[in-house]
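Asker: what's the 3D shape of this:
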Amino acid sequence: EQFSTAGRSIKAGLTACDIVSKWTWAATLLQSANVAYKYGVSGPFWYASGATIQVLLFAVLAVEIKRKAPTTHTCLEIVKARWGTAAHIVFLVFCLLTNIIVTSMLILGGASVVNALTGVNIYAGAFLIPVGVMLYTAHGGLKATFIAAWGHVAVIYIALCTFAFLIYAAPNSPLGSISKVYDNLTQMGLQRPVDHNKEGSYLTMWSQEGLVFGIINVIGNFGTVFVDQAYWQGAIAAKPSATYKGYLLGGLCWFAVPFTMATSLGLGARALNLPISLDESNAGLVPPAVATVLLGAGGGFLLVFQLWMAVTASGSAEQIAVSSLIAYDVYRPYVNKKATGKQIIFVSRMVVLAYGVLSGVLAIVLLKIGLSLGWVYLFMGIVVGSAVPPIAFCITWNKISAAGAISGAIAGLVGAVITWLAVAKGLTGQITIATLGGDFPMLAGNCMAIGMSAVVCIVVSVIKSQEYDWTMMKDIPLVEDDPNAFMADDQDSPASLNWALRWTYYTGGTLTLVLLIVWPLLALPAGVFSQGYFTLWIVIALVWGLCASAVCIFHPIFEAGGHIKNILLHLIRCQFAEPREEAVLDTVKDVMPPQDIVGAHPLKK
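Answerer: Take a look at the predicted model:
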């Protein structure tokens with residue numbers, strides 16, 4: 001239970017850090033700067049807002065997990081309890097595909113930048129990234145990834161703030177002020193205007209390509225959050241009262257990573273007029289080019305260090321997610337139904353090691369095929385987007401049937417692939433990697449995946465209904481006793497979680513409307529930004545980055561203050577740690593009402 005759920009006791013601050021770390025891919029740092037370089041100010045905004053709302057809305061599912069399935073280990077255990085074996089196998093395929101695609105993007109982006117800045121063989125880099133984290137992940141399990149996430153996120157934010165202030169507030173740097181960046185971007189809009197942007201400017205939200213990218217981003221990223229076991233695992237590991245706080249806080253903090261980073265490095269690359277080709281930009285080489293100009297070799301090192309922290313944090317989350325799926329959704333139900341805790345841990349560790357090596361091989365295959373980071377990023381929604389509506393309905397709507405869920409997921413995938421191919425053929429007359437990677441074929445395929453899946457899922461469920469009793473979901477078996485799996489009094493009580501669910505629906509929905517509709521609409525009347533409006537835009541980006549950095553670096557320390565103090569006192573006094581039995585009883589006391597402690601655990605006399 002500890003290995004795969006981290007004791008179900010993670011607090012809000014560390015949960016937020018975990019969200020930021022696993023959602024900060026190579027693409028977050030590299031692809032966001034690419035769209036800023038190509039489309040201007042609209043690129044970072046649509047990247048950030050289009051990938052933040054999924055985490056905000058997933059907070060609803062995180063609360064529902066604690067209310068309806070407190071003993072689950074994976075999202076697929078919920079699917080199996082709800083819809084049976086056939087649906088379980090279908091969605092197992094979708095979940096594994098999601099993990100494979102996400103891992104591939106992590107490695108593709110990381111290997112390309114490491115190769116460009118250090119000269120390390122790109123294929124060697126593709127192996128170093130997953131192998132570098134699989135040992136501590138295999139040894140420490142989910143809690144190891146949480147602890148590592150804090151350190152990784154601290155490095156990511158420190159580097160982010162360093163680059164941002166070098167570009168906008170450092171008089172001795174090549175740019176160094178908001179006004180100089182504004183003047184240079186204005187000039188670049190005249191020399192190299194952006195097609196379909198208002199007046200060809202980089203300083204406007206009136207951008208057709210930026211909007212198309214934003215729509216693809218919104219739809220595609222639902223699949224990589226809702227169908228990725230890593231996010232379900234984070235919700236399972238959190239304390240019940242920390243789930244919605246951690247996910248909402250994590251989503252808002254993560255917004256700063258692509259928004260502040262790309263607004264700095266992406267626009268900075270264009271303002272410096274760096275000789276970056278389209279192929280180099282799509283490969284994610286905009287940030288390293290700017291970092292090298294700003295700080296020389298030190299800038300290249302800082303970016304590689306930041307990228308390594310992002311890729312390894314996300315990579316470890318994907319490895320533990322895959323190991324949980326194989327252990328709890330393949331080995332336990334189909335190979336050894338009476339598996340013990342030791343057997344499950346052994347299988348989990350073997351899968352982490354095997355997946356670490358296999359993901360490196362897969363990345364090399366993709367590099368040989370010639371698929372870029374940008375291509376894979378846009379493609380992911382076509383493959384996994386159709387699984388989003390059924391999985392979301394699985395724990396929120398009791399009338400969706402197994403037939404509806406399965407048919408919706410499969411029909412959405414088939415429809416998305418056919419639409420994607422047909423649009424590419426219709427617009428260009430040919431089907432190649434280049435034409436399939438165009439904005440409009442990707443947009444059509446992504447929209448069809450989620451749209452068709454939702455329609456088929458609902459229609460089939462209306463025709464063949466299957467009403468479900470939520471109390472049956474609480475029968476998902478534990479491997480061993482875990483008092484943290486059950487709700488206690490106060491903030492973790494059923495009444496408190498019912499309130500938290502209503503609050504999360506309201507807050508997540510409101511923030512989604514603000515990020516997708518209100519903010520863009522308020523920016524449209526500005527047309528091409530004036531220097532004053534651009535200054536306001538940059539100040540928001542810088543302040544958001546600083547606030548997110550402070551929250552993710554210091555909030556977990558504050559929450560763990562008692563434990564840190566206890567450890568330091570033991571070190572100073574040269575005292576041994578408390579025996580395991582006492583530690584277990586302390587945990588029981590923390591999560592159970594006093595009147596229920598006696599007899600609740602075999603160690604209690």
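Asker: G189 is in what secondary structure piece?
Answerer: Secondary-structure element containing G189, defined by DSSP states H and E: helix 178-191.
Asker: and that helix, what does it pack onto?
Answerer: Secondary-structure packing of helix 178-191 (3 or more Cβ pairs under 8 Å, 6 or more residues apart in numbering; DSSP states H and E): helix 122-168, helix 267-271, helix 531-559. For glycine as for every other residue, the C-beta is placed from the backbone atoms N, C-alpha and C.
Asker: can you tell me which of these is most buried?
Answerer: Across the helices and strands packed on helix 178-191, averaging neighbours per residue (mean count of other Cβ atoms under 10 Å) puts helix 267-271 on top, at a mean of 27.
Asker: contacts for that one, please.
Answerer: Among residues not part of helix 267-271, those counted as contacts by Cβ atoms under 8 Å, 6 or more residues apart in numbering are 33, 36-37, 40-41, 44, 167, 175, 180-181, 184-185, 188, 202, 276, 286-287, 289-290, 294.
Asker: and the helices and strands packed on helix 178-191: which comes nearest A402?
Answerer: The closest approach between A402 and any of the helices and strands packed on helix 178-191, judged by Cβ to Cβ, belongs to helix 122-168 at 29.3 Å.
Asker: pLDDT (mean, whole number) over stretch 467-483?
Answerer: Taken as a whole, stretch 467-483 has a mean pLDDT of 76.
Asker: using CSV, write down the CA coordinates of that stretch.
Answerer: Listed in CSV are the C-alpha atoms of stretch 467-483, where the atom choice follows Å, rounded to 0.1, in the frame of the first residue of the first chain:
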residue,chain,number,x,y,z
GLU,A,467,-27.6,2.3,-13.3
TYR,A,468,-24.7,1.8,-10.8
ASP,A,469,-24.7,1.8,-7.0
TRP,A,470,-21.7,3.9,-5.9
THR,A,471,-21.4,2.0,-2.6
MET,A,472,-20.2,-1.1,-4.6
MET,A,473,-17.0,0.9,-5.6
LYS,A,474,-15.9,0.9,-1.9
ASP,A,475,-15.4,-2.9,-2.2
ILE,A,476,-12.2,-2.5,-4.2
PRO,A,477,-9.8,-4.7,-2.0
LEU,A,478,-6.7,-3.4,-0.3
VAL,A,479,-3.6,-5.5,-0.4
GLU,A,480,-3.0,-5.0,3.3
ASP,A,481,-4.6,-2.9,6.1
ASP,A,482,-4.3,0.9,5.5
PRO,A,483,-6.2,3.2,7.9
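Asker: ok, back up a step: can you give me how far the helix holding G189 is from the chain middle?
Answerer: Remark: helix 178-191 is offset 33 Å from the chain centroid, using Cα atoms, centre = their mean, to the nearest Å.
Asker: tell me which residues of it come out buried.
Answerer: I178, K180, V181, Y182, N184, L185, T186, M188, G189 (16 or more other Cβ atoms under 10 Å).
Asker: cool, and stretch 305-319?
Answerer: 306-319.
Asker: same list (those residues) but as CSV, adding distance to T103, secondary structure and pLDDT.
Answerer: As requested, the buried residues of stretch 305-319 are exported to CSV (distance: Cβ to Cβ, whole Å; DSSP: H, G, I helix; E, B strand; the rest coil; pLDDT from 0 to 100):
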residue, distance to T103, secondary structure, pLDDT
Q306, 19, helix, 90
L307, 15, helix, 87
W308, 15, helix, 85
M309, 16, helix, 87
A310, 13, helix, 86
V311, 10, helix, 84
T312, 12, helix, 82
A313, 13, helix, 82
S314, 8, helix, 83
G315, 7, helix, 83
S316, 11, helix, 84
A317, 10, helix, 85
E318, 5, helix, 88
Q319, 8, helix, 88
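Asker: in what helix or strand does K399 lie?
Answerer: Of the helices and strands defined by DSSP H and E, none includes K399.
Asker: touching, it and I463? I think so.
Answerer: No: under the criterion of Cβ atoms under 8 Å, K399 makes no contact with I463, lying 11.7 Å away.
Asker: how about JSON lines for the buried residues of stretch 305-319, with distance to G84 added?
Answerer: What follows is the buried residues of stretch 305-319, written out as JSON lines (distance: Cβ to Cβ, whole Å):
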{"residue": "Q306", "distance to G84": "45"}
{"residue": "L307", "distance to G84": "43"}
{"residue": "W308", "distance to G84": "43"}
{"residue": "M309", "distance to G84": "41"}
{"residue": "A310", "distance to G84": "38"}
{"residue": "V311", "distance to G84": "37"}
{"residue": "T312", "distance to G84": "37"}
{"residue": "A313", "distance to G84": "35"}
{"residue": "S314", "distance to G84": "32"}
{"residue": "G315", "distance to G84": "33"}
{"residue": "S316", "distance to G84": "32"}
{"residue": "A317", "distance to G84": "29"}
{"residue": "E318", "distance to G84": "27"}
{"residue": "Q319", "distance to G84": "29"}
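Asker: show me which pair in those residues is furthest apart.
Answerer: The span of the buried residues of stretch 305-319, defined through Cβ to Cβ, is set by Q306 and Q319 at 20.6 Å.
Asker: which of the contacts of helix 267-271 fall within strands?
Answerer: For the contacts of helix 267-271, not one is inside strands, with DSSP state E as the criterion.
Asker: tell me the pLDDT at D490?
Answerer: Confidence at D490, expressed as pLDDT, is 61.
Asker: starting at the chain centroid, how far to stretch 242-255?
Answerer: Taking the mean of its C-alpha atoms, stretch 242-255 sits 11 Å from the chain's own mean (Cα atoms, centre = their mean).
Asker: related to what we said a few turns ago, can you say which of the helices and strands packed on helix 178-191 is nearest to V384?
Answerer: helix 122-168 (20.3 Å).
Asker: neighbour count winner among K399 and I463?
Answerer: Between K399 and I463, K399 has the larger neighbour count (other Cβ atoms under 10 Å), namely 13 against 10.
Asker: show me what contacts the more buried one?
Answerer: Residues touching K399, when contacts are defined by Cβ under 8 Å, 6+ apart, comprise S461, S465, Q466, E467, Y468.
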